[in-house]
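**Q** from the sequence below, what's the structure:
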Amino acid sequence: MADALDALGINLGYLITHIINLLLMMVLLYLVAYKPIVKMLSLRRERIAESLANARRAEEALASAETDRQAILDEAHSEAQRLTNEARSRADELTKQLLAEARSDAARIKEHAEAEGKAEKDMALASMRDQIIELSIAAANHLIATELDGKKQKEIVKEFFTSLPEEAKGLGGALEVVTAVPLTQAEQKMFAAELGTDDIQFITQPGILGGVIVRGEGQQVDGSFFNQLAEMRDSLS
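**A** Here you go, the predicted model:
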């Protein structure tokens, strides 16, 4: 074999040395370079995998955070809408309450003013009652040219202003009694006895001139002198 190699121009010792050197170099490269490179590549793969896993986790965390953010925003919007509606409702209720109180106060003031006006009117008429009686007596004396005694005068005037129509007596129920001048307590009691009820509202209207108007239960008995004069005018026309 050595001769054959020599014939080919190959030195066997040199070839063996070369092969040994090559093997040693391969072993050295495996130990010094290949293993560290493989280890480095393995570490790099692990790091890449870990980075990818971290990226996925970060993406999932970001998606979860976005979901939580949207849920928080939706909840905040819903709460804001609820508070807005509640505030609007309270404002409407407060407005209605203030309007109702204002209307109530206005009605109370109007009612009080009307009551005061009626009271002042009744007081004025009551203070004029004696003057009306004196004028009525003077007119009656002038017409009949006869001087009446004081008692008779008072009876005539009282009858003029408090003469209750026969058809109104005993009506009962809730009634309104309209007279030309305010009535005394005694006269009001007399009306209550003749009408058969204590549920009476006494109203003063000088425009009826004299006599009495009784209203109640959908009917009216008009015994006023104003009505009598109107009937006389109608009959003469």
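**Q** residues making contact with stretch 211-220?
**A** 160-165, 168, 171, 173-180, 195, 205, 221-228 (CB atoms under 8 Å, 6 or more residues apart in numbering). To be clear about C-beta, it is placed using only N, CA and C from the backbone, and glycine gets the same treatment.
**Q** in strands, which of those residues fall?
**A** Residues from these lying in strands, with DSSP state E as the criterion: Leu175, Glu176, Val177, Val178, Thr179, Val221, Asp222.
**Q** can you put those in JSON lines and add pLDDT?
**A** Shown next, in JSON lines, are those (pLDDT from 0 to 100):
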{"residue": "Leu175", "pLDDT": "90"}
{"residue": "Glu176", "pLDDT": "91"}
{"residue": "Val177", "pLDDT": "91"}
{"residue": "Val178", "pLDDT": "92"}
{"residue": "Thr179", "pLDDT": "88"}
{"residue": "Val221", "pLDDT": "87"}
{"residue": "Asp222", "pLDDT": "87"}
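**Q** only whichever of those residues are buried, select them in PyMOL.
**A** Restricted to buried positions by 16 or more other CB atoms under 10 Å, the PyMOL selection for the ones in strands among the contacts of stretch 211-220 reads:
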select buried, resi 175+177+178+179+221+222
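**Q** how is this protein carved up into domains?
**A** With domains defined by automatic domain parsing, the chain comprises 1-112, 161-236.
**Q** which of those domains comes out lowest on mean pLDDT?
**A** Lowest mean pLDDT of the domains of the chain: domain 1-112, a mean of 78.
**Q** quick one, what contacts Glu167?
**A** Val221.
**Q** now with 10 Å?
**A** Val214, Gln219, Val221, Gly223 (CB atoms under 10 Å, 6 or more residues apart in numbering).
**Q** so the last one touches Glu159, yeah?
**A** No. Counting by CB atoms under 10 Å, Glu159 is not a contact partner of Gly223; they are 11.5 Å apart.
**Q** any idea how many residues pack against Thr197?
**A** 16 (other CB atoms under 10 Å).
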